[in-house]
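Novice: kindly generate the corresponding structure for this input.
(2 chains)
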2 protein chains.
Amino acid sequence: MQDIYAYIDQNRDRFLAELFLLLRQPSVSAQSQGVADCAELLKRQMDDIGIPARVLPTAGNPVVYGELKCDGANRTVLIYGHYDVQPADPIELWNSPPFEPTIRDGRIYGRGTGDNKGQFFAHLKAVEAIVKVRRTLPVNMKFLFEGEEEISSRNLKGFIESNRALLSADCCYCSDGGMHYGDQPTIVCGVRGILYVEVCATGANRDVHSGNLGAYVPKPAWRLVHFLNTLLDEKGGVRVKGFYDAVLPPNDVEREAIAKIPFDTQILKNLGVSEEPRPGEPPFPERVMFHPTMNICGLTGGYGGPGMKTIVPHVAKAKIDMRLVVNQDPDDIFKKFTAHAREHGFGDLTIEKLGEFYPSRTPITHPLGKAAAEAVRKGFGREPLFVPCMGGSDPDYLFTTVLGIPRVNVPYAPHDENNHAPNENIKLEGFFRGIKTTAAFLYEAAKL
Amino acid sequence: MQDIYAYIDQNRDRFLAELFLLLRQPSVSAQSQGVADCAELLKRQMDDIGIPARVLPTAGNPVVYGELKCDGANRTVLIYGHYDVQPADPIELWNSPPFEPTIRDGRIYGRGTGDNKGQFFAHLKAVEAIVKVRRTLPVNMKFLFEGEEEISSRNLKGFIESNRALLSADCCYCSDGGMHYGDQPTIVCGVRGILYVEVCATGANRDVHSGNLGAYVPKPAWRLVHFLNTLLDEKGGVRVKGFYDAVLPPNDVEREAIAKIPFDTQILKNLGVSEEPRPGEPPFPERVMFHPTMNICGLTGGYGGPGMKTIVPHVAKAKIDMRLVVNQDPDDIFKKFTAHAREHGFGDLTIEKLGEFYPSRTPITHPLGKAAAEAVRKGFGREPLFVPCMGGSDPDYLFTTVLGIPRVNVPYAPHDENNHAPNENIKLEGFFRGIKTTAAFLYEAAKL
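Specialist: Modelled structure (predicted):
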């Protein structure tokens, strides 16, 4: 790989400049900001590398798709990534503008650096390096970059189901999320699923003066509070009937893998918290991978500005995400959630499903994982950690279940990438070693 | 009064133009927007009328104070009003800009039209009319316009206690809030008190990805929900121990007055609600005047924008107002509220008092009320309704308790003035008849 790695080392500045172009282009799917422009920019950047790319429509934001064939190759690798990003707010907490990538202390800061532009761009640059140095790839390649991952990939399922032949491949490779704490390179073999709902309570047709008119109107903020309070028990367990029914505990191989995952308490210190597991509680890795959760992502109603405003809000809303594990089914959980509301007397609330992903896993003993591990040894010069499942969610199941191919996720972003938060970042080292890892992986994949 | 009333009728356009100048000047005390500029503008407008005025400092926003003596008068009337206004948001629900007064269908729309610039400005124009037409007033007058009523008059108490001699008077007259439904002129003899608190739950030092890091951090939004849920019982009664202890039921005279207050169900229709009292429940007027409440004015935490954002918010807040009745003491209720939090295991939450007013009443049989009623008959040509207490809150107790003088509040704004809400307004007719009422009141007050 030395010839390829030398090319990568010689082109660091240009690779960064090209990545920065992509990072400067906002593409906030939740707010429909710059998404189409970003798709076009990415297509041009792929074309420039020599990957013929197309911007393909979906019912929502477009997919950027590209293909590069290799004469005589037996294997096809499908690369997955997403060019959309999370909203930048709370913007006042960023140390540099979210859409002006800035290098500080060996890291690139900016929205999308880690999640996910900076990571999938490494794959593209790996392909460029191989083609420039060796003229040809060791495998056939397909590239699928979607623009709706941050809004639950709501149209990717339809796109994949309609394009099975186009997307047929032997395996899927992607880099998303962060490495393990201490930035040990990581092979992630699965994801938790997610069900995202918005619960809305309404009252009068407008906010009213709480003194003069308060007696006359319903109180949706109280209504919402009383409903939310029914959802969890005193220990934080979910009280929705049947919520845990389908949950599978880790198997022996997974338990063994979990036991090998080190826990660095520095992560807690960095977050300013001291919530170490109490005796009898499962270790953090098991909680993150194998336990479902119900979390309030947002609470809104009435006045949230400085000082006092004395109103009865006429609307109150909660955004809730439920992280689901194998074999929970988000459609089933949604039915149970709405049934819970009805049975507890809250049938007047509106409950809207904003998005969902099924949970998904590729067995950690799969040969694809071994190929990725060998690539990591070459690219990062370190032994990778096998993680059966990450805490986050992505459309893994579309590959493992709908396309029926195994997938591994090899993150190039650091554990503290601050994805979905202010000061999102990727280390320069992670980006360049990521390019080398992808290059090595393609040669390993050819042997599968 | 015909000479004075003729002057008022002849100067309608100029009076409006002058009022509009005042309305165009933002003065949002909660957001410190334009308050000092508004005080200076008001002082100039009083000087122009011939009321020597001063902008007097307080620990917060200044008071605008003016005096006009009348040789040989035995009585002194203190006029109270406030030149600060509520925040304009949600700004998108206004039909015309909040700080650009606009006349539609016989009403002036804009922030402060009813609450309170448009109402106290009527007093100033009444004084102008009397002085221009009759050369001299029938009473000595003092004017106290504060800039912090919408943030609980937090420095008015200190100002009044330090300026007892300056403010000494026989009675206090003001116009704030709205008339009774159907816009029957109203004599309001008291107010509910208020205690406004902000409850804050905190977790990590930043919002984190709910999938990857959610397991490691506290969940302040849930914590807040669970605390709020302890505050009310199933019927909406306040569960804070001792909350109702000091509440006095209406006396016989008050019950008689309440029974005379008509209830127009149109008010419910206008609000889009159908919450009529059920059998056994007290009538609306009693609820508004004699029952304390606990209301959520605002709920905030995490992401409230469109679509999905998957975070564990690190802060969640609730703004709560409690409307209090005679003899509840906001300081005492605050102690009980914080004790409730501690006793229910929520000592980790921050509870901040943002403002308070004591409840206050002037007996509805007081001669001051009779004088006001006679003025209303002249100014509005209608019989007024006596209201023992309004649902809202203002610093009434500073006059009745601290200065020890009776006060009546004679609203010139319509019942649907939308105070504290979008499309705040006052009727043109209410403004001009209000000027006439104030003029008549000053002659009635001279006879007290």
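
Novice: is A:Gly72 in a helix, a strand, or coil?
Specialist: coil (DSSP: H, G, I helix; E, B strand; the rest coil).

Novice: show me where the stretch 101-250 of chain A has strands.
Specialist: For the stretch 101-250 of chain A, applying DSSP state E, counting those that start in this stretch gives strands covering A:102-104, A:107-109, A:140-146, A:171-174, A:186-188, A:190-191, A:193-202, A:208-209.

Novice: any idea how far A:Leu56 is from chain B?
Specialist: As judged by CB to the nearest CB, to the nearest Å, A:Leu56 and chain B stand 22 Å apart. Placement of C-beta: from N, CA and C, glycine included.

Novice: and that residue, what does it touch?
Specialist: A:62-65, A:159 (CB atoms under 8 Å, 6 or more residues apart in numbering or on different chains).

Novice: taking the residues you listed one by one, which sit in strands?
Specialist: A:63-65 (DSSP state E).

Novice: about what we covered before: Throw the strands of the stretch 101-250 of chain A into CSV and include mean pLDDT and distance to A:Gly81, thanks.
Specialist: Below are the strands of the stretch 101-250 of chain A laid out as CSV (pLDDT from 0 to 100; distance: least, CB to CB, whole Å):
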stretch, mean pLDDT, distance to A:Gly81
strand A:102-104, 98, 22
strand A:107-109, 98, 17
strand A:140-146, 98, 5
strand A:171-174, 98, 6
strand A:186-188, 96, 14
strand A:190-191, 95, 15
strand A:193-202, 97, 18
strand A:208-209, 90, 48
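
Novice: can you list these in JSON lines and add mean neighbour count?
Specialist: Output for the strands of the stretch 101-250 of chain A, formatted as JSON lines (neighbours: other CB atoms under 10 Å in any protein chain shown):
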{"stretch": "strand A:102-104", "mean neighbour count": "14"}
{"stretch": "strand A:107-109", "mean neighbour count": "24"}
{"stretch": "strand A:140-146", "mean neighbour count": "25"}
{"stretch": "strand A:171-174", "mean neighbour count": "24"}
{"stretch": "strand A:186-188", "mean neighbour count": "27"}
{"stretch": "strand A:190-191", "mean neighbour count": "28"}
{"stretch": "strand A:193-202", "mean neighbour count": "23"}
{"stretch": "strand A:208-209", "mean neighbour count": "22"}
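
Novice: and these as CSV, adding distance to chain B?
Specialist: Formatted as CSV, the strands of the stretch 101-250 of chain A follow (distance: least, CB to the nearest CB, whole Å):
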stretch, distance to chain B
strand A:102-104, 17
strand A:107-109, 14
strand A:140-146, 15
strand A:171-174, 16
strand A:186-188, 11
strand A:190-191, 8
strand A:193-202, 5
strand A:208-209, 5
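
Novice: what's the weakest-modelled helix or strand in chain A?
Specialist: One helix or strand of chain A scores below all others by mean pLDDT, DSSP states H and E: helix A:266-271, with a mean of 86.

Novice: report the buried residues of it.
Specialist: Neighbour counts over helix A:266-271 (16 or more other CB atoms under 10 Å in any protein chain shown) mark A:267-268, A:270-271 as buried.

Novice: and stretch A:231-240, by the same measure?
Specialist: Judged by neighbour count (16+ other CB under 10 Å), stretch A:231-240 contains these buried residues: A:231-232, A:238, A:240.

Novice: for A:Val312, give me phi and psi.
Specialist: Dihedral pair for A:Val312: phi -100, psi 110, per degrees, to the nearest 10.

Novice: which residues sit in contact with it?
Specialist: Contacts for A:Val312 (CB under 8 Å, 6+ apart) come out as A:203-204, A:207-210, A:213-214, A:217, A:219, A:221, A:302, B:295, B:297.

Novice: B:Asp47: which of those residues is nearest?
Specialist: A:His209 (33.0 Å; CB to CB).

Novice: just give the closest residue to that closest one, not the sequence neighbours.
Specialist: Excluding its sequence neighbours, the residue lying closest to A:His209 (CB to CB, 6 or more residues apart in numbering or on different chains) is B:His420, at 4.5 Å.

Novice: A:Tyr303 is in contact with the one you found, correct?
Specialist: No. Using CB atoms under 8 Å as the test, B:His420 is too far from A:Tyr303 to be in contact (9.4 Å).

Novice: higher neighbour count, the two?
Specialist: A count of neighbours by other CB atoms under 10 Å in any protein chain shown puts B:His420 above the other of B:His420 and A:Tyr303, at 27 against 24.

Novice: pLDDT wise, what is that one at?
Specialist: Note for B:His420: predicted pLDDT of 86.

Novice: which neighbours do B:His420 and A:Tyr303 share?
Specialist: By CB under 8 Å, 6+ apart, the residues touching both B:His420 and A:Tyr303 are A:309, A:311.

Novice: before we move on, the earlier item: I'd like the strands of the stretch 101-250 of chain A laid out as JSON lines, including distance to B:Pro279.
Specialist: Shown next, in JSON lines, are the strands of the stretch 101-250 of chain A (distance: least, CB to CB, whole Å):
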{"stretch": "strand A:102-104", "distance to B:Pro279": "67"}
{"stretch": "strand A:107-109", "distance to B:Pro279": "64"}
{"stretch": "strand A:140-146", "distance to B:Pro279": "59"}
{"stretch": "strand A:171-174", "distance to B:Pro279": "64"}
{"stretch": "strand A:186-188", "distance to B:Pro279": "62"}
{"stretch": "strand A:190-191", "distance to B:Pro279": "56"}
{"stretch": "strand A:193-202", "distance to B:Pro279": "26"}
{"stretch": "strand A:208-209", "distance to B:Pro279": "25"}
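
Novice: narrow the contacts of A:Val312 to those in helices?
Specialist: A:Ala221 (DSSP state H).

Novice: could the contacts of A:Val312 be laid out in a markdown table, adding distance to A:Lys43?
Specialist: Listed next are those as a markdown table, based on distance: CB to CB, whole Å:
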| residue | distance to A:Lys43 |
| --- | --- |
| A:Gly203 | 48 |
| A:Ala204 | 49 |
| A:Asp207 | 46 |
| A:Val208 | 51 |
| A:His209 | 54 |
| A:Ser210 | 54 |
| A:Leu213 | 55 |
| A:Gly214 | 56 |
| A:Val217 | 52 |
| A:Lys219 | 51 |
| A:Ala221 | 46 |
| A:Gly302 | 44 |
| B:Asn295 | 53 |
| B:Cys297 | 49 |
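
Novice: ok, the contacts of A:Val312 vs B:Phe145, which is closest?
Specialist: Using CB to CB, those come closest to B:Phe145 at A:His209, 21.0 Å.

Novice: ok, that closest one - contacts?
Specialist: If you count contacts by CB under 8 Å, 6+ apart, then A:His209 has A:310-312, B:391-392, B:419-421 around it.

Novice: and A:Gly280, what pLDDT?
Specialist: You'll see A:Gly280 listed with a pLDDT of 76.

Novice: what about it, which SS state?
Specialist: Here A:Gly280 is recorded as coil under three-state DSSP.

Novice: which residues touch A:Phe120?
Specialist: A:79, A:81-83, A:145, A:174-175.

Novice: what bridges to A:Gly81?
Specialist: A:Phe145 (DSSP bridges).

Novice: residues contacting it?
Specialist: By CB under 8 Å, 6+ apart, the contact set of A:Gly81 is A:116-117, A:119-120, A:123, A:143-146, A:174-176.

Novice: ramachandran angles for the closest residue in space to A:Lys260 that isn't next to it in sequence?
Specialist: Excluding the flanking residues, the one nearest A:Lys260 by CB to CB, 6+ apart is A:Leu385, at 7.1 Å. With angles defined as degrees, to the nearest 10, A:Leu385 sits at phi -100, psi 130.

Novice: so A:Leu385 bridges to which residues?
Specialist: In this structure, A:Leu385 bridges to A:Thr186 when assessed by DSSP bridges.

Novice: correct me, but it touches A:Phe263?
Specialist: No. In this structure A:Leu385 lies outside contact range of A:Phe263 using CB under 8 Å: 11.7 Å.

Novice: these two: who's more crowded?
Specialist: Between A:Leu385 and A:Phe263, counted using other CB under 10 Å, the more crowded position is A:Leu385 (20 against 16).
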